[in-house]
Structure formats: structure tokens, C-alpha cells
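# any chance you can model this:
(chains A, B, C and D)
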4 protein chains.
Amino acid sequence: MEKIKKIAVLTSGGDSPGMNAAIRSVVRTCAFYKIASVGIYRGYQGMIEGDFINLNARSVNNIINKGGTILKSARSTEFRTEEGRRKAYKHLKENEIDALVVIGGDGSFTGGVVFNQEFNFPIVGIPGTIDNDIYGTTHTLGFDTALNTAVEAIDKIRDTASSHNRLFFVEVMGRDAGFIALNAGVGAGAEEILIPEEDLGLDRMLDSLKASRKSGKSSSIVVVAEGDKTGKNVFELADYVEKNLPEYDVRVSVLGHMQRGGSPSCFDRVLASRLGVKAVELLLEGKTNLMVGLVNNKIKPTDLEKAIKGHHKIDTELLRVSDIMST
Amino acid sequence: MEKIKKIAVLTSGGDSPGMNAAIRSVVRTCAFYKIASVGIYRGYQGMIEGDFINLNARSVNNIINKGGTILKSARSTEFRTEEGRRKAYKHLKENEIDALVVIGGDGSFTGGVVFNQEFNFPIVGIPGTIDNDIYGTTHTLGFDTALNTAVEAIDKIRDTASSHNRLFFVEVMGRDAGFIALNAGVGAGAEEILIPEEDLGLDRMLDSLKASRKSGKSSSIVVVAEGDKTGKNVFELADYVEKNLPEYDVRVSVLGHMQRGGSPSCFDRVLASRLGVKAVELLLEGKTNLMVGLVNNKIKPTDLEKAIKGHHKIDTELLRVSDIMST
Amino acid sequence: MEKIKKIAVLTSGGDSPGMNAAIRSVVRTCAFYKIASVGIYRGYQGMIEGDFINLNARSVNNIINKGGTILKSARSTEFRTEEGRRKAYKHLKENEIDALVVIGGDGSFTGGVVFNQEFNFPIVGIPGTIDNDIYGTTHTLGFDTALNTAVEAIDKIRDTASSHNRLFFVEVMGRDAGFIALNAGVGAGAEEILIPEEDLGLDRMLDSLKASRKSGKSSSIVVVAEGDKTGKNVFELADYVEKNLPEYDVRVSVLGHMQRGGSPSCFDRVLASRLGVKAVELLLEGKTNLMVGLVNNKIKPTDLEKAIKGHHKIDTELLRVSDIMST
Amino acid sequence: MEKIKKIAVLTSGGDSPGMNAAIRSVVRTCAFYKIASVGIYRGYQGMIEGDFINLNARSVNNIINKGGTILKSARSTEFRTEEGRRKAYKHLKENEIDALVVIGGDGSFTGGVVFNQEFNFPIVGIPGTIDNDIYGTTHTLGFDTALNTAVEAIDKIRDTASSHNRLFFVEVMGRDAGFIALNAGVGAGAEEILIPEEDLGLDRMLDSLKASRKSGKSSSIVVVAEGDKTGKNVFELADYVEKNLPEYDVRVSVLGHMQRGGSPSCFDRVLASRLGVKAVELLLEGKTNLMVGLVNNKIKPTDLEKAIKGHHKIDTELLRVSDIMST
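Below you'll find the predicted structure:
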């Protein structure tokens, strides 16, 4: 293998807080090792279109605390075609790029693996998504920030819920994974938490809400993941409870896309900085097809394919804690 | 008129940040003038039920920075009946309460005026609502905080909108009044603002969004008040734009009840403190049927009936500023 | 007078949150009226050095919510010399700049007035300082944000003060003016507030603290402006109290420069947007030597010289409110 | 051993965000297992004075998001005497308390161990301190929140530093441990970080600052732990740099006690909930003299004596990351 002299970085898929901090880390680490760095705009689509920008240590000043991604993100259907990927490869070669850091989630890594197989192009992935649903890391980039955003919003909802003795259903992000719902639910002191991983049954929820009211609680919050297992969406759940527990004054709040934005937490900034360093160093060591992740508080590599196929299981112990907390 | 020796305070209608600071101010001002104070739970309903609590200067420690209302709020249909009001009056008399401070909005003041007419009971109102739709004050209690909450949420949405070159429709509170939409829209740098007071026409919005895209803006935010004049809700608006401007990737976010909660801003805490002092002092001077409000940065009384019937007009100059800003 | 075709904008003196929103407003208003705009770096010093940058509507994307100033700020001793100002004028002429918007405080306006007198160059000022000590506006740009920053910090200090039954002396900014101390003090529920405008006497403070402890308060906060009239700094005050009231466990916190930074509040962003529009429109109408300010909630011009010489008096009514609140 | 029927909880030493969430968790877990719970005010001092309060599941409503500790904290010299501890034991017995949960740091645990040895009284500790300097847990309660507080404050300072091309020395808490300085420094993008664990030498700092300026950075932040190894305090460091690098305009900011307060982050709330459950469950299992901590993302017990004597080492890998990041 030849020596790596220039590394490109892109962000792909849904954006998450900390992506800019990771870009900064990749670029600064390149500068530290005296190799060049290039930013690719709009993920794989920008790679296909050759939408590149040369970066240096100063290009990434003052972005560590910014939400979103200065490189923009996009989903690319064209990159799913061989022709699209060939165009992308051509642009990389023309720009003398030797390796690629992909910041994104499952889908982005899958594209990376295919690309690597076809062109033998060195790739390392950094797990950037608020959903925390990636195997090989206890924390994805942006997860911690999204939790704080969700919890701060639910705290505000609790203020008004308590003032009116109301029951709120609050939907948080997580189509296939309940990490945000479970952690933000416990953090916000939710009375009930509904997640895609477990069907606790609607009756159980009704019983719990009845008990909660009887115990003297003045307000209740039920945190629901988008992809809740009950098969009902948050509005249907609210209707269901309103019909069955008429003593409750029910409201719904969908937190939505604000969970993806905002200035990253210290945790996510530090994590991003560490992941970026490791990603570049692995490439410089000649490694490829790896994802860098946080495992037992250390930065460790995982095979990209494992990261894609593996399943990051939710800690059901936390469900038990949630149960006890809503006593 | 006899000397006032005990004043009751209640919060009524939708809660707003700063209500606790106003309760604290009423109670501390009573203590300062060496008269007793009583809190009434759940607004007029608690008055009907005699749900009272004696308060003193220490009862309101450490609440100035808390959202919601420690006295709870509620809407009372029973208070609309003469019988309900008679029960309420009986409880006031039994508790030797001489005067009442009502913290709430239009509806709460209307109840207060009727009650005063029937029982000649001294009442002063403090305008507490995030909607800012009350005549006789430039700022209602909670409006400033709600603006900051909305703007911080839209800032986060902007992060992700920019990363994906998306158009977001963001619904903020304000069924009959566009104060939140207009101010939060200008504060968040929204490309378009739709409010109940003006029908700018859907074509105009399409033109503006087309121009915005052409000018090189990567993302767009349209802030919509709940009661927008176009008659379409935020989801219908999004559909309409998606059909007519297929180049846009459109998303919707409804900020919802979080706008009612949260720790009050310094502005709202200072305003609450000033309003509470004035409300008690007016009652001690033997005045009644007044609302205290902020007029040209001074605390001034307005006839409660005027406050109810008057219309707090939106500053259309700010619409013009918004237009210029979205150049 | 010739028609104005190009306007320059600079920020000068201590920075304040909202300066970027004001720059954006000036630039967008120029674009709206189809005239050119130029940014001058580092205030008058950059003017002397010809450190200019052409700006357009897109140059100021996504800065409305950023603290600090993208144009940087500086104090320039050279601008106090005639020669310095002549160099500055030369650069303005070479760049075909017809008028200037100065965002800053007293000192910056004084420089502007002298420059206008010497070269008959049209100038309008925007009051940007957290201190709120400028005549002709009820609120300077950044004041509202600084209050929220201070109050949020003091809320945190209150948490630990309450937990340990401690007395904290908290110093906030304001060398010559007590606006921040007075408003943040009332907003944070401070037991005592010491400001440059009034010498309440040290004995009075001791009495008040004694009374506060006796009344059952578990913690106390004294907010002190940098330029407090007692002549003692915050550490000396703490020592004094510790000696005279040994029952108190005293701590000191100096909030410092964080008060100057941070994302501006909605209030400051809206104010900045309105001030920028008016500043440009006045210049386009051929006006000069004016400052734009907020007067009774409307944007109004004031003679720059008046703004410099006039004194923005503190509202002593608020001192009375503070007194009542610490009952 | 007899069955445990009543558990007491206290907070001791410096308070930290999350202590209330831990109190809530202990109390709710007791309720869940149908045993009684008692709060002890002001740590060991309140134990000596018998300052107890019965708690139930509803006593701890709405405290999960509050900074400080509702049970107050204090340091007790009397508890260091055998007589003091005997008084304390007497009160526990009189109140039929069977076991104790101590939320605090090293010093508090030492007291607990002695007490246990003398009276064979079951004790479990929860590590509550912002300093993160406790062996047996990767994260102490409050550490994560303190990092976010510090980073948000430094972000604000960065705004003004950048606007004026200044160098700021920012002192954060940590008398014996550099955890806050190191993590907040990396999170805030500090150019240099000075901690008690490593003496990097003053010359190295000067070199680094020179290089930083030469590389085109407009502002610099040096984060310094209270107990920095150089032996100079933050003001002396600033003087030293000002003398040796006159091109720098240097300022100092001491973040101080605000780092101890504030609403806990989601991380700290979840951690507190998990630790509280485990602490109670260990006591119910008949265990004693343990501290519960976070080890590889699981809640694990550690011998209290080990927790006291062991040393929680800083991750020097992060120093290397910091170095690379300041390229």
C-alpha cells in the first residue's frame, strides 16, 4: 500500500450534533500528521459530483460548538448504482485523495463498504446519528446532546403539565430504536416509556396511569419513541387513553427535528475529537473498513460490516429502573 | 371602604413563565406592608371549592425561577354560573379575604369583572399569558420567555435544515394573535412569517420561497402562528408548497406546549416583580377593577374592562422589517 | 448631497450579543435598497488600515444567532489623532464608501462625531453594549442577553448557596452603571444589590443580611456592580461581612467576560434587526450624526452628541421593588 | 442480620447536580420495595442533631431536574469526634433507621467507614461530586453537568475573545484533579490545558501560544484547573504570559461556584436513578461498606475503603487528543 497523503471527509444521512466537531478533529489530525485534507459536500452525492473543498487546520476554527454539518449532508440514490460510485471514484482519484472518513449511520456505512469492495479504497467510519442504534459503540455522536435537548423540552412540558394536572404524550425520535425514549424518559422522570423493542401492552399503561393518579401525582408524562411497538402513533395513544381514562386531560407534543440540532454537549465534543483522531490514525496505519467507536470508555475499532449487521441492544436494566422510578 | 388586611392571589387560564415570580411578588409585597396573603389553588375552581393556603414571605422562597405555577391553574365552567360565584364569595368571606389578585388572561379577567360587579369585591389583574394579546400592556408575563424558547428551538431546527438544504414549516403558539410568530420569526431569521392578522396570500409565499432559493439560501424556515389567516394548518401549508415547489424538501415541526414552560427570562422575572408590587399597592389604595401593565416601560393601571375589550394591535412595522431581513 | 450608493459598517469597543444581528440587518437593508455594503474589520483601527470586505445579503447568512462580531472589534488610539482619521477617510474614499454605520458605545460614538465634523462624512450609530448606559435608548443591544446570562449563572450559584446555607457576593459587569446589577439582581431574587449610582451604606447591608437570616432565609445573594459606590470591591465586601457577621459562610463569584458573549436573546435579535433597518434608512434620507434607539418601543433617532453627553438614568423605582422583594 | 425496614439518605460535602435525582431514586426505590425512607438534613451534622424528615414517593416529586440538594449539605467537624458519632448513632436508633445511603465524595465516605466500624451500621455510598476524582466509577454524579456548564461558559468567553483577538485564561474547578479542566478544555477547543496531574512547563505553554498566533488563530483559550501543577494561580499565569508575549491581550475568568449548580444533564439524571436503585438493593441484600459506581456502563459495587484509597487516574490519552486538536 502506498503512503496516504490526502484524506477526504464527508457527512452522510441524518445530521447530528457533533458532526462538525468530528470534521474538525479529522482535519486537525491530518494537519498534525502533515497530510492534506479535503471536505466533500453533501455526502456521497457530492462525491459523485466532485463537490470538494480543500481544508486546513484554520478552516475548522470555531465549529466545534456548532450544530449541523458545515459539509452538508444528503442521501444519494445515485450512489446505489455502480455508475454513480464509478463517477465518485473518478473524482477521488482526480483529486489525489487516498482515503475517506465517513461520518454517518448504518446506511452511510453500507455505501462505504460496497465502495471499498469495488475500488479497494480505504475507508473508516465515525458513527454520527442521534439514534444510538449502531453496533460497536456505546454512544453514537449526537446521542448525548439529543438526550439533553429532549429532556430540557420535556422539563418545560412538565411545568405546564403540573400546573394543569395534565397527562402529556411526548414523542421523541427513534424509528427502530428506543435509546432516546428510554434515556430521555428516565431523565425526564416520565411515568411511562414506550419503545420499539418491547411491547408492554396498552392495558399495562392504563393500569400504571391509574395507579399514578391514585398515588397523588398531579401530572404525568408518557414518552413514546416514533417506532413504538404498540403500533399506535402518539395521537392514537392519546385518544385511547382519553377514552379509557376520562379523568385525564390529555395532550400531545411531538418534539421533532429540533432533537437533531443544537450545540453539542461536552460529551459529544470530546467523543468527536477522540473518534476523529483515531479514524485518521487507523487510515495512516493502513487499516480500512473499520468503524471507530466508544467501548468501555476507550476508542476501539470494529469491522464496518459487523457494525452494520450487528445490533446495538438496549439496556433493559434501564427499563426496570424506569419502572421503579415511577413508583 | 374598610382597610384591607388580607389579599388572595390565584393563577387562571393557560399558565405562563413568570406566574410564580408574580405570586412571589404579591406575597412579599403583602408581607412588606404587613398584611396577610392567601394562595388559591386551581384558579376560580379552587375559589369555589375553598382550596386555599396561607402564604408568607418564606412560602415563596426559590420560586422566582420556576416555570408553571405553584398555585396550579384551571378553567372553571362552574364559575360562569351565579351559584358557582356565590360559593366562591362565601369562601373568601369565611377566610376574611379582602381583595384578590388574578394572574391570567382575557377570560380570567372577564370572570373577575363579573365577580366584582356582583359582590363589589376588590380585584386587580396581572396579565399572564405567553400570547401577548392583552390591551393595556406592551408585554404580558411569559411572552418574552416564550419567544426565547421558540427561537432556541428554531435555531436547532435551522442547524438540521441547513445541513440538508431543507424548508421547514414551524408552528408556534398564537391562535388569535401573531405576536409570538412575528417576533420569534424575526428573531430566528425566518424567510416567511404567517400570522392571523394579515393574509399575505399563498402566492406571495411561493414567490418569496422561489426568490429565496434563487438568491442562494441553502435552507428556509417559515414560521406559522396556530391561527394563521390563510386558513390552512401547517401540514396543509407544507403539502401545498411541496406540490408547487417540488425543488424543496419540506418538513414540519409543531413546537407545542414547551413554549408555555421553562424558567422565566430576566425580563419576565423583573416584570412580574414590578407588576406584583403595583397590584398590591393599588388594592391597598382602595382601587379595584384594574389591570396592571407595562406601558412605555412604566407600570400603569388600565381599567379591567378596557383591557378585556381593547385590542392589542400587532406592530406591522415589524412585518416590514421581516420582509427586509429576508432579502 | 449626493446619492448614497455604498454604506460601510463597523463594530467598535466592547462587543455585545446582537452585534452580528445588527451587521446582518445593515447589510440586508442595503441589499433591499439595492445599494452596496462593506464591512470594516476591527473598528476604527481597521478603517485606518483599510481592512475592508465587500458584503452582500448572503455574506450574513446564519449569523443572527451568533455572539461576538464577525467584523471583530478593537479600540484604536491612532483614531484619536488627526492623522489617523485622515488615513481612515482616505480609505473610505478610495473604496467609494458614502456613509458609515457605527455599532458600539459612547467612546465609539465620540470618535464618530469628531470624524463627521472633520470630513463631513455621514454617520449613524447603533448602541451596542451590554451596559445599557447610553442616553436615547431604553435598551442597548446586548443588555437583555447579558441579563439572562447573569441570571442563569446566579440561579446556578443559588443552587449551591441554598444547599450550604451560604452567602454569595456575585460581581456583575457595569463599571459606571448599575443596570445589569439592578435588573439581574431583581431577576435572580438577590437579597441585596449594590450599584454605582447609590451608596446605600455598608451598615444598611449588614442590617439587611441580619434580618434576612433571622427571617429564615437559608441562603443569600448580594449582587454587586463592578463600580459599586461603596468603594470596596467584591472581595473586600465579602471580608467585611465575614468579619461583622461571623454566622455567615461567605463566598465570592465574579461572573466576568462570559456576560459579553453567547447567542443573543430574541429581544436583542429583534432590536438589532429594527435598529439596522432604521440606521440605513436614515442615511438614505440624507440624515447624519444620529443614533438610533428604542424609545417607548419605537425606533427613534437621537442626536449623536446628545446620546454621548446625555445620561441614561437608572430607574430607582426598581430599587424600591428590589427592597420589597427581599422582605 | 435483621431485615431492613427503614433507610436514611443524606448528602454531604460539596453539592453537585444530580444529588436530588439520587435522593429521589433512593426514596422511590424504598417505596417500590415497601420500606420506609428518611431524609437527614445537612449531612452528618444533621445526623448528630437528629434533623430528620420522613420521606415518601411523593416527597420527591419534581426534584429530578433541580440543582443543589433538598436535604442540604454541610461539613461536620463534630462528626470527626467519637462523641459526635455516638450522638448520631443514637438518633438513627431512636428513629429505627436500619441503614444509610451517603451521597458525597471522599471525605464523606471516610466518615461513613469509621461510623460503620464503630457501630456496625450498614452504609452504601453514592459518588456525588463534580470533580470526578473517585476511584470505582468512571463518572461521579454531577461531573457531566459541570462539564456542560463550563463548556457553555467558555463558549461565551470565546465569542468575546474572538471579537477582540484576545487570550483568555479560564480557571475551572478541580483542586486535586484535572478531569474538569481536561474534558471541558477539549470540549471548548482550548489551545492549552493545565492540570494538577502533569507539569507541562511554562516554556511549553509560551511556545504553544506563539505557534498558535503564528498559525493564524485569532483568539486563544487556556483552561486551568484550580490546582494546576505549575504552582502559579490563574492570575499569575496571565501576568507571566503578558510579560513574555506582549503581543497578546490577556484576560482572566474564574468560573467558580456556578459549576456546582444547575439542572442536571440527562446523563447525570439517568446515572443518579441507576445508582440510587443499586444502593438500596445492595442494602436490602445485606451488603454494606460499598460504593456504587459506573464501570464500563454498568452499575457496580466497589469496597468503600478501596474507593477512598484508590486513585481515579486521568486518561492521558485525552491530553494527546488535546494536543492534536490545538494544531
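
# flag every residue of the stretch 1-150 of chain A that's near chain D.
Applying CB under 8 Å from any CB of the partner chain, one finds that the stretch 1-150 of chain A approaches chain D through A:24-25, A:28-29, A:31-32, A:57-58, A:61-62, A:64-65, A:138, A:144, A:147-148, A:150. Just so you know, the C-beta spots here come from the backbone N, C-alpha and C atoms, and that holds for glycine as well.

# so which elements touch the helix or strand where A:Ala181 lies?
Applying DSSP states H and E as the criterion places A:Ala181 in helix A:179-187. Contact partners of helix A:179-187 among helices and strands, from 3 or more CB pairs under 8 Å, 6 or more residues apart in numbering or on different chains; DSSP states H and E: helix A:143-164, strand A:167-172, strand A:192-194, strand A:220-225, helix A:316-325, helix D:266-284.

# mind redoing it with 6 Å?
Here helix A:179-187 touches helix A:143-164, strand A:167-172, strand A:192-194, strand A:220-225, helix D:266-284, going by 3 or more CB pairs under 6 Å, 6 or more residues apart in numbering or on different chains; DSSP states H and E.

# burial count for A:Val234?
Neighbourhood size, A:Val234 [other CB atoms under 10 Å in any protein chain shown]: 21.

# and the strands in chain A?
All strands of chain A, identified by DSSP state E, fall at A:6-11, A:36-40, A:52-55, A:99-104, A:123-127, A:167-172, A:192-194, A:220-225, A:250-254, A:290-295, A:298-303.

# want to throw those strands into JSON lines with distance to B:Ile130?
Listed next are the strands of chain A as JSON lines, based on distance: least, CB to CB, whole Å:
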{"stretch": "strand A:6-11", "distance to B:Ile130": "36"}
{"stretch": "strand A:36-40", "distance to B:Ile130": "42"}
{"stretch": "strand A:52-55", "distance to B:Ile130": "43"}
{"stretch": "strand A:99-104", "distance to B:Ile130": "38"}
{"stretch": "strand A:123-127", "distance to B:Ile130": "39"}
{"stretch": "strand A:167-172", "distance to B:Ile130": "17"}
{"stretch": "strand A:192-194", "distance to B:Ile130": "28"}
{"stretch": "strand A:220-225", "distance to B:Ile130": "20"}
{"stretch": "strand A:250-254", "distance to B:Ile130": "15"}
{"stretch": "strand A:290-295", "distance to B:Ile130": "40"}
{"stretch": "strand A:298-303", "distance to B:Ile130": "45"}
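
# ok, which of these comes nearest D:Asp133?
Evaluated over the strands of chain A, closeness to D:Asp133 peaks at strand A:298-303, with 20.0 Å, by CB to CB.

# can you give me the mean pLDDT across the closest one?
In this model, strand A:298-303 has a mean pLDDT of 98.

# ok, the helix-or-strand element of chain A with minimal mean pLDDT near chain D or not?
Sorting the helices and strands of chain A by mean pLDDT, DSSP states H and E puts helix A:202-214 at the bottom, at a mean of 88. No - residues of helix A:202-214 are not located near chain D by CB under 6 Å from any CB of the partner chain, the shortest gap being 10.3 Å.

# how about that helix: buried residues?
Buried positions in helix A:202-214, judged by neighbour count with 16 or more other CB atoms under 10 Å in any protein chain shown: A:202, A:205, A:208-209, A:212-213.

# ok, stretch A:106-114 next?
Going by neighbour count (16+ other CB under 10 Å), the buried part of stretch A:106-114 is A:106-113.

# repeat for stretch A:59-78
Those would be A:59-60, A:62-76, for stretch A:59-78 by 16+ other CB under 10 Å.

# send the alpha carbons of it over as CSV?
Only the C-alpha atoms of stretch A:59-78 are listed here, as CSV (Å, rounded to 0.1, in the frame of the first residue of the first chain):
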residue,chain,number,x,y,z
SER,A,59,-10.8,26.1,8.0
VAL,A,60,-12.3,24.4,11.0
ASN,A,61,-11.8,27.2,13.6
ASN,A,62,-14.9,27.8,15.8
ILE,A,63,-17.0,25.0,14.5
ILE,A,64,-16.6,22.6,17.5
ASN,A,65,-19.6,24.1,19.1
LYS,A,66,-21.9,24.4,16.1
GLY,A,67,-24.8,22.0,15.4
GLY,A,68,-25.4,20.6,11.9
THR,A,69,-22.6,20.0,9.5
ILE,A,70,-20.6,22.5,7.5
LEU,A,71,-20.1,19.9,4.8
LYS,A,72,-23.9,19.4,4.5
SER,A,73,-25.5,16.0,4.3
ALA,A,74,-27.7,14.3,1.8
ARG,A,75,-28.9,10.9,0.9
SER,A,76,-27.8,9.8,-2.6
THR,A,77,-29.8,7.3,-4.7
GLU,A,78,-27.2,7.6,-7.4
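
# just the residues contacting that stretch, thanks.
With contact meaning CB atoms under 6 Å, 6 or more residues apart in numbering or on different chains, stretch A:59-78 is reached by A:11-12, A:15, A:17, A:19-21, A:24, A:27, A:39, A:41-45, A:48, A:84, A:261-263, A:269, B:159, B:162-164, D:155, D:189.

# tell me how many other residues surround the residue of chain A found nearest chain C.
In chain A, the residue that lies nearest chain C is A:Ser263 (8.6 Å; CB to the nearest CB). Residues lying near A:Ser263 (other CB under 10 Å) number 24.
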